[in-house]
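Colleague: 3D model of this:
(one chain, ligands or ions: 1)
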Amino acid sequence: MSTTNFYDVEEIAKLAGNGDKPAETLGKVTAWIARGLQADVCSAYLLEPDRVHLVLAATLGLRRECVGTLRLALHEGLAGLVAEQVRPVAVERVQTHPRFKYFQESGEERLQSFLGVPLIDCGVLQGVLVVQTEAPRVFSESEIEMLTEAAAQVAPIVSEARTLDKFIAPAQEKLWAVARNLTSPLSQLVAAARSVSRGDLSARSNVRTADEIGVLGASFDAMAERLERQHIATIGALASAIDARDPYTAGHSVRVGDLSYELGREMGLPRPSLQHLRVGGLLHDIGKIGIRDTVLLKPGKLDDDERRLIEQHPTIGLRILEWAELPKEVLEIVGGHHERLDGTGYPLGLSADDLTLFPRITAVADMYDALTTDRPYRRGLSPQEALRMLWRDAEGGIVDPEVVATLRRFARHWESRRSGAGTRTSNGIESLEALRERGDQVA
Ligand SMILES: [Fe+2]
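Modeller: As a prediction, this is how the structure comes out:
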């Protein structure tokens, strides 16, 4: 067997310079190499953009329908070994090699010997060039050199037109489209499943294709919807238990959860953030469970010890929720809803740089609800009065002005919803400072 006339660097350059599409050039080059090396098969596998898979891009000898659809990971098969180790691999009897993998769809069951070399351009791996023979063959050093030289000529063609689609003959384009249509909904489904498993129960796949994947997507979304409803209902039950300790704060946590959610929506936050605001609002005062009734329900002014005790409720709340695996945004709300941007809040005296939007929103919702709700020692303020006080606090750098501005725009709608629900209380006027004097009920 003589292959000595095979190597001719000019030949591949000529094939590449014909003005053909890259797919056609690559097809001609593989045919030319197969002929020159007297091999039964010559194939070019290209490294996909993920750089962990190879795809068959051109072949003489394997089934044509495999072009664009036969994919293998770098850890698979002998072609994968060439790409993984970036060196030529020659095997006389492939079945005896530990890395041999038989790809039934390509029709390579008859093939005995394998020679593969990496396609490298400017030091970057582009793919693998492979020849295979039906008769067992020991590839000589010069044959390995020839294929390596050919690969050096082919690699620039590959990197020049890197987009894989360009290598796929028109007949294979439909197969690519089918493959994409399958993988895209699956990717959406996988992304949603990962989000739910990380605790974001608001994630949905939104896959609605008219096939089994669509059924799977709809079922997954229904399951996530049910889980989310159960989760919110459980948190809501807990919030009701908190509010039930003090009849004058009945419904406070639910309203703060709702108002935080609506403020976030008005501010254009994404759905997962809105759910964090609702859950955080519902749970923001959970630490009050750990405050004794004589302090929590005291109608008059709190003394210093009592005030210090009640100011522990955000810290106690975090301790209670320590093992609940809640999103950090929810914990930021529970721990930070009494912190103020100018550092005058509690329990840590954090300031603007330490406070994310979540506790800032819930702080405003909490203050607004407390100000506008009747208490045993005072009547609730009108919405207008409460908004004026909050705006003064915003101008004074105490609360977030953007959140208060959003509340000013949204308050009328919120109040009509609130009165529709029959929870609006009577109005009265008392200064914010005076309310603060009384203890924790406002700030
Ligand atoms: Fe609180």
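
Colleague: alpha carbons only for contacts and neighbour counts from here, please
Modeller: OK.

Colleague: Residue 329 against residue 358, yeah?
Modeller: Yes: applying C-alpha atoms under 8 Å as the test, residue 329 and residue 358 come out as touching, 6.4 Å apart.

Colleague: Need the overlap of contacts for these two.
Modeller: residue 277 (C-alpha atoms under 8 Å, 6 or more residues apart in numbering).

Colleague: Looking at these two now, which is surrounded by more residues?
Modeller: Taking other C-alpha atoms under 10 Å, residue 329 and residue 358 do not tie; residue 358 has more neighbours (24 against 19).

Colleague: Surely the more buried one and residue 332 touch.
Modeller: Yes: between residue 358 and residue 332 there is a contact at 6.9 Å, judged by C-alpha under 8 Å.

Colleague: part of a helix, is residue 186?
Modeller: Yes: counting by DSSP: H, G, I helix; E, B strand; the rest coil, residue 186 is located in a helix.

Colleague: Distance of it relative to residue 50?
Modeller: Applying C-alpha to C-alpha, to the nearest Å, the value for residue 186 to residue 50 is 17 Å.

Colleague: Between the two, which is the more surrounded one?
Modeller: Higher neighbour count among residue 186 and residue 50: residue 186, with 18 against 7, using other C-alpha under 10 Å.

Colleague: tell me the contacts of the more buried one?
Modeller: Residue 186 is in contact with residue 213, counting by C-alpha under 8 Å, 6+ apart.

Colleague: now it: how far from residue 209?
Modeller: 11 Å.

Colleague: List phi and psi for residue 58.
Modeller: Backbone geometry at residue 58, expressed as degrees, to the nearest 10, gives phi -160, psi 150.

Colleague: typed the wrong thing, it's residue 139
Modeller: phi -70, psi 130.

Colleague: got a list of what the closest residue to it other than its chain neighbours touches?
Modeller: Of all residues not flanking residue 139 in the chain, residue 90 sits nearest, at 6.6 Å (C-alpha to C-alpha, 6 or more residues apart in numbering). Residue 90 sits next to 113, 114, 115, 116, 138, 139, 144 when contact means C-alpha under 8 Å, 6+ apart.

Colleague: tell me the SS of residue 90?
Modeller: Under three-state DSSP, residue 90 falls in the strand class.

Colleague: Just the pLDDT at it, thanks.
Modeller: In this prediction, residue 90 carries a pLDDT score of 95.

Colleague: State the distance from it to residue 280.
Modeller: 63 Å.

Colleague: that older thread, what do residue 186 and residue 209 both touch?
Modeller: Joint contacts of residue 186 and residue 209 (C-alpha under 8 Å, 6+ apart) do not exist.

Colleague: Which of the contacts of residue 90 sits closest to residue 372?
Modeller: Nearest to residue 372, judged by C-alpha to C-alpha, of the contacts of residue 90 is residue 116 at 77.6 Å.

Colleague: Apart from its neighbours in sequence, what residue is nearest that closest one?
Modeller: Nearest one to residue 116, counting by C-alpha to C-alpha, 6+ apart, is residue 130 at 4.2 Å.

Colleague: Quick check, pLDDT for the nearest residue to residue 290 once chain neighbours are set aside.
Modeller: Spatially, and ignoring its direct neighbours in sequence, residue 290 is nearest to residue 316 (6.7 Å; C-alpha to C-alpha, 6+ apart). Looking at residue 316, its pLDDT reads 94.

Colleague: what's the answer for the one 4 residues further on, then?
Modeller: Predicted confidence (pLDDT) for residue 320: 90.

Colleague: repeat for the one 4 residues further on
Modeller: The confidence metric pLDDT takes the value 81 at residue 324.

Colleague: Pretty sure it sits in a helix.
Modeller: No: checked against three-state DSSP, residue 324 lies outside a helix; its state is coil.

Colleague: what about it, distance to residue 235?
Modeller: Look at residue 324 and residue 235: by C-alpha to C-alpha, they are 11 Å apart.

Colleague: Which residue of those two possesses the greater neighbour count?
Modeller: Neighbours were tallied for residue 324 and for residue 235 using other C-alpha under 10 Å; the higher tally belongs to residue 235 (18 against 9).

Colleague: Residues in contact with stretch 67-79: which ones?
Modeller: By C-alpha under 8 Å, 6+ apart, the surrounding residues in contact with stretch 67-79 are 45, 52-59, 80-81, 83-84, 89, 99-102, 105-106, 114, 116, 128, 130, 168-169, 172-173, 175-176.

Colleague: Give the buried residues for that stretch.
Modeller: 67, 68, 69, 70, 71, 72, 73, 74, 76, 77, 78, 79 (16 or more other C-alpha atoms under 10 Å).

Colleague: which among the residues you listed gets closest to residue 364?
Modeller: residue 73 (53.4 Å).

Colleague: How about that closest one: which residues does it bridge to?
Modeller: residue 53 (DSSP bridges).

Colleague: what pLDDT does residue 238 get?
Modeller: In this prediction residue 238 is given a pLDDT of 83.

Colleague: Could you do the one 4 residues further on as well?
Modeller: We note a pLDDT of 82 for residue 242 in this prediction.

Colleague: for the residue nearest to residue 290, helix, strand, or coil?
Modeller: Assignment for residue 316 (three-state DSSP): helix.

Colleague: Next, count neighbours for it.
Modeller: 21.

Colleague: just checking, it touches residue 283?
Modeller: No: Residue 316 is beyond contact range of residue 283, at 11.8 Å (criterion: C-alpha under 8 Å).

Colleague: Between the two, which contacts overlap?
Modeller: With C-alpha under 8 Å, 6+ apart, residue 316 and residue 283 have no common neighbours.

Colleague: Quick one: the strands in the stretch 101-250 of the chain, in order.
Modeller: Here the stretch 101-250 of the chain has its strands, by DSSP state E, counting those that start in this stretch, at 113-121, 124-133.

Colleague: Columns distance to residue 261 and mean pLDDT on top of those, output as TSV?
Modeller: Below are the strands of the stretch 101-250 of the chain laid out as TSV (distance: least, C-alpha to C-alpha, whole Å; pLDDT from 0 to 100):
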stretch	distance to residue 261	mean pLDDT
strand 113-121	54	93
strand 124-133	50	92
